[in-house]
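Trainee: Any chance you can model this:
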Amino acid sequence: MKISIITLFPKMISGFFEESIVKRAVEKKLVEIEIVNLRDFAIDDYGTVDDRPYGGGAGMIIRVDVIYKALADVIARSETTKQSQKKRLLRFARNDSRRVILTSPKGKQFNQKKAQEFSKLDHLIIVAGHYEGVDERVLDYIDEEVSMGDFVLTGGEIVAAAITDSVVRLLPGVLKKDEATKSESFNINSKKLLEYPQYTRPESFKGLKVPKVLQGGNHKEIEKWRLKKATEETRKKRPDLLR
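Mentor: Predicted coordinates for the structure are as follows:
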């Protein structure tokens, strides 16, 4: 899989992927992460990528022609034939193997289901929004807008990094045990449940003990306990998931 991130601040992104699981996934060639500096496609030698909004208003808007050129370059380099390159340069329609998304507070909220969907792609392209937003015409070249929630950040770099991390860890071979992702929050028994409580050594700490069922070795009983506790956790902390 390849993930391309188009951003005005590449250093914010690159540092995030130089540690931990994502770094190891790149080193093992399980994923390719490409960070594209939007200013490489500026309209002048001063690095201009934005302009004032028509009709007035605060802030600056990222230009459609700049994002178009960046997308065209990313997509053209990922295509295998000249014919497919020519076809994609005018409009970036969704296909089964590639998705172009824009980070935006106006987008649909990102969740585990969406992470699983993205992890099955060959190429995910993330455009990190910034300033007061992007020219509305950019949406003609975007498959979907994605948000992290009902709050506003100064830029989409944190969102892009979070999406990438969430997707990469689902790729085969990235985690030592792929089974680990199946018992995490939102994945239990294909239900939207929070993860069950986890324990490790010591068995007793200041009067707080590990439940006996987890120490008995009866895997059927352990699974029943975990499902029960996951349901209780969800009902207590995220009852909206049970509706």
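Trainee: would you list every one of the strands in this protein?
Mentor: Per DSSP state E, the chain carries strands over the ranges 2-7, 32-37, 50-51, 61-62, 98-109, 123-128, 144-147, 204-205, 208-209.
Trainee: The third one: partners in the sheet, and parallel or antiparallel?
Mentor: Which is strand 50-51. strand 61-62 (antiparallel) (DSSP bridges).
Trainee: ok, and what's touching the partner strand?
Mentor: 38, 49-53, 129-135, 138 (Cβ atoms under 8 Å, 6 or more residues apart in numbering). Placement of C-beta: from N, CA and C, glycine included.
Trainee: ok, and the most crowded of those residues?
Mentor: G129 (26 neighbours; other Cβ atoms under 10 Å).
Trainee: and which of the contacts of strand 61-62 is nearest to A160?
Mentor: G129 (9.4 Å; Cβ to Cβ).
Trainee: so the closest one touches G107, yeah?
Mentor: No. Using Cβ atoms under 8 Å, G129 makes no contact with G107, being 9.2 Å away.
Trainee: which ones are touching the most centrally placed residue in the chain?
Mentor: Centroid-nearest residue in the chain: I163, 1.3 Å away (criterion: Cα atoms, centre = their mean). Listed by Cβ under 8 Å, 6+ apart, the contact set of I163 reads I101, T103, F110, A115, F118, I126, V146.
Trainee: any idea how far G156 is from the fifth one?
Mentor: The gap separating F118 from G156 is 15 Å, by Cβ to Cβ, to the nearest Å.
Trainee: ditto for the second one
Mentor: Distance of T103 to G156, given as Cβ to Cβ: 3 Å.
Trainee: do the same with D96
Mentor: For D96 relative to G156 (Cβ to Cβ), the value is 25 Å.
Trainee: Just want to know which of those two has more residues nearby.
Mentor: Taking other Cβ under 10 Å, D96 and G156 do not tie; G156 has more neighbours (29 against 8).
Trainee: Which residue of this protein lies farthest from its centroid?
Mentor: G207 (40.6 Å).
Trainee: confidence score at Q85?
Mentor: Q85 carries a pLDDT value of 51.
Trainee: Offset the numbering so it begins at 566, please.
Mentor: With 566 as the first residue, the last one maps to Q650.
Trainee: Could you single out the nearest of the contacts of I728 to P762?
Mentor: A680 (23.2 Å).
Trainee: Once you drop chain neighbours, what's closest to the closest one?
Mentor: In space, and not counting its chain neighbours, A680 is closest to S731: 4.2 Å by Cβ to Cβ, 6 or more residues apart in numbering.
Trainee: Look up how far V587 lies from the one you found.
Mentor: The value you get for S731 to V587, if Cβ to Cβ is used, is 10 Å.
Trainee: picking that back up, shared neighbours, T668 and G721?
Mentor: Joint contacts of T668 and G721 (Cβ under 8 Å, 6+ apart) are I691, V692, A693, G694.
Trainee: can I see the domain layout of this structure?
Mentor: 567-733, 743-807 (automatic domain parsing).
Trainee: which residues of this protein score low on pLDDT?
Mentor: 645-659, 742-755 (pLDDT under 70).
Trainee: hmm, 90 instead?
Mentor: Low-confidence segments of the chain (pLDDT under 90): 580-581, 583-585, 621-624, 642-661, 695-698, 715-719, 741-757, 806, 808.
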